[in-house]
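S.K.: Prediction below, plus the sequence it came from.
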Amino acid sequence: MAFSDPQSNIEQFSLQYGMRVADFGSGSGFYTLAAARAVGPHGHVYAVDVQKDLLSKLKNDATKAGLANVEVLWGDIEKLGGSKLKEASLDALIISNCLFQMPDKNTPAMEARRVLKPGGKVLVIDWADSFGGMGPQADMLVSQDKVRDIFEKAGFVSDSSIAAGDHHYGLIFKKK
């Protein structure tokens, strides 16, 4: 697998039927749609992004796919409370290909902690390297060790990892 495959990554994250999940920095929504299928019609997936045009497109894509369990939220995960989600309201959370773009990498982890229930888990997927003009510049990469440090300081424990593709890593953390 050359690139990160959202469907495979969501399967490895082991989302369960009926879960409440958020996709922080949802972008075009590949993870949102895969998560919505995994949690089924009794689950709920919140797509949170700062780009309103992407959220509109995502809502249309979810509707076309028959996924009524997707809700789009305009929010800023770089601000505490910026996701607009209730405290301790989610079972799981996804942050994919976002951290490398953010000047403040700590607040998204603190926001994840705020919205997750005790024992809730977060899947962080990001670029492992920069290659052939694809992905972020090498100086923008966020190492797995750095991500572990950020999430452990925010009150998570490292749970496991997934095979996220040749140029990505996937780490799962659990809220203490």
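M.R.: Happy to help now that I have it.
S.K.: Now do stretch 72-82: everything it contacts.
M.R.: By CB atoms under 8 Å, 6 or more residues apart in numbering, the surrounding residues in contact with stretch 72-82 are 24-26, 46-50, 52, 55-56, 58-59, 83-85, 95, 98, 102-104, 107-108, 110-111, 114. (Glycine included, C-beta is placed from N, CA and C.)
S.K.: Start and end of stretch 107-127, how far apart?
M.R.: 19 Å (CA to CA, to the nearest Å).
S.K.: Got phi/psi on A34?
M.R.: phi -60, psi -40 (degrees, to the nearest 10).
S.K.: Distance of it relative to E11?
M.R.: Counting by CB to CB, to the nearest Å, the separation of A34 from E11 is 8 Å.
S.K.: what sits against the nearest residue to A47 once chain neighbours are set aside?
M.R.: Leaving aside its sequence neighbours, A47 sits nearest to S26 (CB to CB, 6 or more residues apart in numbering; 3.7 Å). Listed by CB under 8 Å, 6+ apart, the contact set of S26 reads 32, 47-49, 54-55, 58, 72.
S.K.: Just give me the closest of those to P41.
M.R.: T32 (15.1 Å; CB to CB).
S.K.: how about that closest one, secondary structure?
M.R.: Counting by DSSP: H, G, I helix; E, B strand; the rest coil, the backbone at T32 sits in helix.
S.K.: returning to that earlier point: could you check which of A34 and E11 is surrounded by more residues?
M.R.: A34 (21 against 13; other CB atoms under 10 Å).
S.K.: what's the nearest residue to that one if we skip its chain neighbours?
M.R.: I10 (4.1 Å).
S.K.: which element is the one you found on?
M.R.: helix 6-13 (DSSP states H and E).
S.K.: show me where this structure has helices.
M.R.: Counting by DSSP state H, the chain has helices at residues 6-13, 30-39, 52-64, 106-115, 144-153.
S.K.: hey, which of the ones you listed is tucked in deepest?
M.R.: helix 30-39 (a mean of 24; mean count of other CB atoms under 10 Å).
S.K.: and that helix, how far from the chain's centre?
M.R.: Computed by CA atoms, centre = their mean, to the nearest Å, the chain-centroid distance of helix 30-39 equals 11 Å.
S.K.: try stretch 152-168
M.R.: The answer for stretch 152-168 is 11 Å, by CA atoms, centre = their mean.
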